[in-house]
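In: predicted model and sequence follow; I will ask about them next.
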Amino acid sequence: MTLDRVPRIVTSRIGYEDSYTLERFLATGGYDGLRKALSMSPGEVSAEVNTASLLGRGGAGFPAGRKWSMLRAAPTTYLVVNGDESEPATFKDHLLLERDPHQLIEGVMIAAYAIGAAQVFIFIRGEMALGIERVTQALNEAYEYGAVGRNVLGSSFSVDVVVHPGAGAYICGEETALLESLEGKRGFPRIKPPYFPAAIGLYGEPTVVNNVETMSNLPWIVLNGGAAFAALGSGSSTGTRLFALSGRVNNPGVFELEMAKTTFRDLIFDKSLGNGIIDGKALKAFIPGGVSAPWFSPDQVDIHLDQDEVGKAGSMLGSGSVVVMDETTCALRAAWRITKFFWRESCGQCTPCREGSGWLEKTLWRIENGEGSEEELDMLMDVCDNLAPGLTWPPQQTTICVLGPSIPSSIASAIRMFRDELLVHVKEGRCPFA
Amino acid sequence: MTHLSEEMITHARQLVSLYPEPRSALIPICHLAQEQDGWLRPEAIEEIAAIVGVSPAEVFGTASFYDLLHTEPVGRYVVSICTNIACMLAGAYDLLDHAEKNLGIKAGGTTPDGLFTLEDAECIADCDNAPCLQVNGRYFGKLTRAEFDKLVEDLRACELAEQVPTHGTLCRVRRSVGLAARDSGGDIHPGTGGEPERSSSAGGGSASESEKGGVAGSGTAGTSQPARRSRRGKK
Ligand SMILES: Cc1cc2nc3c(=O)[nH]c(=O)nc-3n(C[C@H](O)[C@H](O)[C@H](O)COP(=O)(O)O)c2cc1C
Ligand code: SF4
Ligand code: FES
C-alpha cells in the first residue's frame, strides 16, 4: 500500500508543534480557501461542495451539499458545528479542535458564506477543555485578522461565530438534542419529522448542523476544486477521511486515509498504521464504525473503508472509529461495557431505550459474572428485538432517536458471533477470561 | 452584593449578548459559576436564572441533566478515569481499582479533605492514550499505577497548577470581541440578546475595540502545550 501518495487534506499541519497558531496557519496557506470562496458566488461554492460529494463525517454520512440545499428559505439561517464527539472510541475531532482550530474556523466561514448563515455556533464537547481554549483563542485571532466578523477579508460578507461549550451528555451529539442544548435546555432529541433541522432548527429557524471534520475539509475543497476531492476515493466515498483506531493494536491513533482504497486489514496491520495486534495475538473481532455499529469478524478484514461496502456487509462506517478485539478480549464483557454506556447516556424519553438499556446491562453483567442461564441469551435477543425489530442494520426505529435502536448492535454481535464463548460463562459459572 | 463576582456577572452578560435568545447562555454561565465556586451553589443558580430570564428551578432542572454541572459540592480535583471500551481493553478497571485504593474512596466519592472526587467515566475521546483519565478536563494518558500515584502526589503538592486549574474552570481564554456583524447595521440578528458589554473587564467589546484588546483572562492556555502526557511510560 502506498500511503504517501495520499494528500493530507485535514491533517496537513498536525505535524507542526505550533499547528494551532495563526502564524503557522497563515504560513501554510491558511485562509486562502476563504479568500477564494469570497471571490465566488455562494452558489458556486455550494456547487464545488456538491461536486466533491463530501459526505458528513459525523456518523450518518449524508452529503453536505445536499443538506445545504434542503434549507427552507427564511431570512435567518443558522450554521451549527457539531463538536460533541462522545461516541466511544471516536477521537478524531478532538485532534482537529486542538491541533488545527483555524482550519475549522476557515471551513465554518466558507460554509456560512455558502448558505448565507446569520450566525454560527461551534458546539464543543465540555470535556475538551483544551480544545475549547484553542478554538476560542483562534477565534479571537481570526476576528482580529479580519477572517470572522464584519466585512470578512474586506468583502461585504459579515457573520459572527460563537464557541458554545457542552456540559457532558453524549446524547447532545444527536443534532436535535444539540440544538435543544444550545437553546439552554436539557439535551432531549426532538421528535421527527421534521427529519432535518434544515426545515426547523435552532429557535425554529432553518439550521445546518455539520460535523467538525466535515467543515475542516472545506478549505481544501474550495482551493483545489470539488473534482479533485471527488477524484480521491471511489463511488460515493470520496476524498480522505480520519479513522480513529483503538483497542488491542500496537499503534493506535488517528489516520487520514483515502476513502475506499484502504482495507481494515491495512488499517490494523500495516506498519505505518495500526502495526498489528499487541503481542502478535490473533484478531478476534473489530468494530468498524463506533460502538453503535455491528461488529465484523476476522474474515471481514479485507472489506474496504468504504461507506457503501461496509453498509452492504451489514454494519456502518459511522464515526470512523475502529476498535480491535483480540483473543484475550472477552466478547461478553465488551458488549456489557458498551451497553452500560448506552444505559448511562440514554436521555430517558423513550421507554424501550430507558428501560431496555438498564435491563440489558444488568443481565449481561450477571452472565459475565457466571450467574446467568442459557435462556437469558435468548431473552437478551428478544429484548434487543424490541428495541430494533428484526435486528436488521440499519435498525428499525422504535424511539425518538437512534441511540435506542443502536444498543442491540454489540449485544447481538456478541451473541451471534460468540455464543459458545458466552455459554462457557454460564456453564463454568465464571468469565473464562478473568 | 451578588454572590457571583462582578467580573463573572459582567462576563455572563457578555455571554448573553452573544446569542439570539438569552437562555442559550444558560450552560456557558453555569460553567462560569463553577469556575468561581467549583460547583453550582443555590445562590449562583438564583443569579443565573435572573440573568437569563428563567426560574431557578429551570436552571437547576437543566443543569442536573449534564454530567459536568454539579449541583452538589465536588473535590478540588475531579479525577475521571475512562473505563469505556478502548480503555477497558487497556486495563482501565485495574487502574480504577488502584485509584480507589490510593484515594481511599469508591468511584463517585470525594475524599474527606475535599481534594479529590473520583469518577468512573465514559469515553473522553483520547482512546489512543488508553488507559487515560482527565483531571478537571485536562488529559493524562497511558497511565501506569506508579504514574497515577505520582499524578496524585503532584496534584496534592500543587505542582500542576499551570496544567490543571481547580475544578470548574473550563476555558481560561475569554472571548475578546462582541458581535461585529450585528453592529454592521444589517439586521441579520433578529434576536433579543442586546448589545455586547463594552465596558467589560473580561474583554467584551465590539470588533473595532478588539484590535487593541487582546485576550483577557489568563490567556496562557491557548498557547501552552497540550496538557497531556507523551507516549512515554507505556506499560
Ligand atoms: C446518539 C447520537 C450521537 C451522535 N453524536 C455525534 C457527535 O458526537 N458528533 C457528530 O458530528 N455527529 C453526531 N451524531 C450525528 C448527528 O446527529 C448529525 O448527523 C451530524 O452532526 C451531522 O453532521 P455531518 O452531516 O457533517 O456528519 C450523533 C447521532 C446520534 C443519533
Ligand atoms: S432513543 Fe433513548 S436517547 Fe434517544 S430520545 Fe429515546 S430515550 Fe432518548
Ligand atoms: S475509550 Fe477511553 S478515552 Fe475513549
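Out: Perfect, thanks for sending it. Numbers count the residues shown, from 1 in each chain, chains lettered A, B, ... in the order given. Ligands and ions are numbered 1, 2, ... in the order given.
In: now the helices for chain B?
Out: B:6-17, B:26-37, B:42-52, B:56-63, B:85-88, B:92-103, B:145-156, B:180-183, B:207-210 (DSSP state H).
In: any idea which of those helices is most buried?
Out: Comparing the helices of chain B by mean neighbour count (mean count of other Cβ atoms under 10 Å in any protein chain shown), helix B:85-88 ranks first with a mean of 29. Placement of C-beta: from N, CA and C, glycine included.
In: how about the residues of chain B near ligand 3?
Out: B:82, B:84, B:85, B:86, B:87, B:123, B:124, B:125, B:126, B:127, B:130, B:132 (Cβ under 6 Å from any ligand atom).
In: picking up where we left off before, make JSON lines from the helices of chain B and add distance to residue A:202 and mean pLDDT to it.
Out: Compiled in JSON lines, those are given as follows (distance: least, Cβ to Cβ, whole Å; pLDDT from 0 to 100):
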{"stretch": "helix B:6-17", "distance to residue A:202": "16", "mean pLDDT": "97"}
{"stretch": "helix B:26-37", "distance to residue A:202": "14", "mean pLDDT": "98"}
{"stretch": "helix B:42-52", "distance to residue A:202": "16", "mean pLDDT": "98"}
{"stretch": "helix B:56-63", "distance to residue A:202": "17", "mean pLDDT": "98"}
{"stretch": "helix B:85-88", "distance to residue A:202": "32", "mean pLDDT": "98"}
{"stretch": "helix B:92-103", "distance to residue A:202": "37", "mean pLDDT": "98"}
{"stretch": "helix B:145-156", "distance to residue A:202": "39", "mean pLDDT": "98"}
{"stretch": "helix B:180-183", "distance to residue A:202": "16", "mean pLDDT": "79"}
{"stretch": "helix B:207-210", "distance to residue A:202": "23", "mean pLDDT": "36"}
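In: format these as a markdown table; extra columns: distance to ligand 1.
Out: Listed next are these as a markdown table, based on distance: least, Cβ to the nearest ligand atom, whole Å:
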| stretch | distance to ligand 1 |
| --- | --- |
| helix B:6-17 | 23 |
| helix B:26-37 | 16 |
| helix B:42-52 | 25 |
| helix B:56-63 | 19 |
| helix B:85-88 | 16 |
| helix B:92-103 | 21 |
| helix B:145-156 | 28 |
| helix B:180-183 | 24 |
| helix B:207-210 | 28 |
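In: so what's residue A:104 up against?
Out: A:81, A:96, A:97, A:122, A:135, A:138, A:212, A:215, A:216 (Cβ atoms under 8 Å, 6 or more residues apart in numbering or on different chains).
In: where is the longest helix in chain A?
Out: Using DSSP H to define each element, chain A has its longest helix at helix A:408-428.
In: how about that helix against ligand 1, any contact?
Out: No: for helix A:408-428, no contact with ligand 1 is found by Cβ under 6 Å from any ligand atom; the gap never falls below 12.3 Å.
In: what is that helix packed up against?
Out: Secondary-structure packing of helix A:408-428 (3 or more Cβ pairs under 8 Å, 6 or more residues apart in numbering or on different chains; DSSP states H and E): strand A:283-287, helix A:331-345, helix A:351-368, helix A:374-387.
In: out of these, the one nearest ligand 3 is which?
Out: helix A:331-345 (9.2 Å; Cβ to the nearest ligand atom).
In: does chain B have contacts with that closest one?
Out: Yes: using Cβ under 8 Å from any Cβ of the partner chain, helix A:331-345 reaches chain B at A:333, A:334, A:337, A:338, A:341, A:344, A:345.
In: average pLDDT for that helix?
Out: Averaged across helix A:331-345, pLDDT comes to 98.
In: which residue is the nearest non-sequential neighbour of the residue most central in space within chain B?
Out: In chain B, the residue lying closest to the centroid (Cα atoms, centre = their mean) is residue B:170, at 2.4 Å. Spatial nearest neighbour of residue B:170, excluding adjacent residues (Cβ to Cβ, 6 or more residues apart in numbering or on different chains): residue B:31 at 4.7 Å.
In: one more: residue B:60?
Out: Ranked by Cβ to Cβ, 6+ apart and with sequence neighbours excluded, the top spatial neighbour of residue B:60 is residue B:45, at 5.7 Å.
In: next step: the contacts of residue A:104 restricted to helices.
Out: Among the contacts of residue A:104, the members falling in helices are A:96, A:97, A:135, A:138, A:212, A:215, A:216 (criterion: DSSP H).
In: nearest to ligand 1, of the residues you listed?
Out: residue A:212 (6.7 Å).
In: the closest one contacts residue A:96, doesn't it?
Out: Yes: under the criterion of Cβ atoms under 8 Å, residue A:212 makes contact with residue A:96 at 5.4 Å.
In: for the helices of chain B, which one sits closest to ligand 2?
Out: Closest among the helices of chain B, using Cβ to the nearest ligand atom: helix B:56-63, at 16.0 Å.
In: need the three-state assignment for the residue nearest to residue A:390 when sequence neighbours are not counted.
Out: Counting by Cβ to Cβ, 6+ apart, residue A:396 is the residue found nearest to residue A:390 once chain neighbours are left out, at 5.8 Å. Per DSSP: H, G, I helix; E, B strand; the rest coil, the secondary structure class of residue A:396 is coil.
In: number of nearby residues for residue A:396?
Out: 13 (other Cβ atoms under 10 Å in any protein chain shown).
In: just give the closest residue to the closest residue to ligand 2 within chain B, not the sequence neighbours.
Out: Distances between chain B and ligand 2 by Cβ to the nearest ligand atom are smallest at residue B:65, namely 11.4 Å. Once flanking residues are discounted, residue B:65 sits nearest to residue A:186: 4.1 Å by Cβ to Cβ, 6+ apart.
In: mind giving me the domain split of chain B?
Out: B:1-73+B:169-191+B:206-235, B:77-156 (automatic domain parsing).
In: in chain A, which strand has the most residues?
Out: strand A:240-247 (DSSP state E).
In: now for that one, which elements pack on it?
Out: Right, strand A:240-247 is packed against helix A:92-99, strand A:253-258, helix A:264-269, strand A:321-326, helix B:85-88 by 3+ Cβ pairs under 8 Å, 6+ apart.
In: alpha carbons of it, in PDB - could you do that?
Out: What follows is strand A:240-247, C-alpha atoms only, in PDB (Å, rounded to 0.1, in the frame of the first residue of the first chain):
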ATOM      1  CA  THR A 240     -10.000  11.200   2.500                       C
ATOM      2  CA  ARG A 241     -11.300  10.500   6.000                       C
ATOM      3  CA  LEU A 242     -10.000  10.400   9.500                       C
ATOM      4  CA  PHE A 243     -10.000   6.900  11.000                       C
ATOM      5  CA  ALA A 244      -9.600   6.500  14.800                       C
ATOM      6  CA  LEU A 245      -8.000   3.200  15.600                       C
ATOM      7  CA  SER A 246      -8.000   1.900  19.100                       C
ATOM      8  CA  GLY A 247      -8.100  -1.300  21.200                       C
END
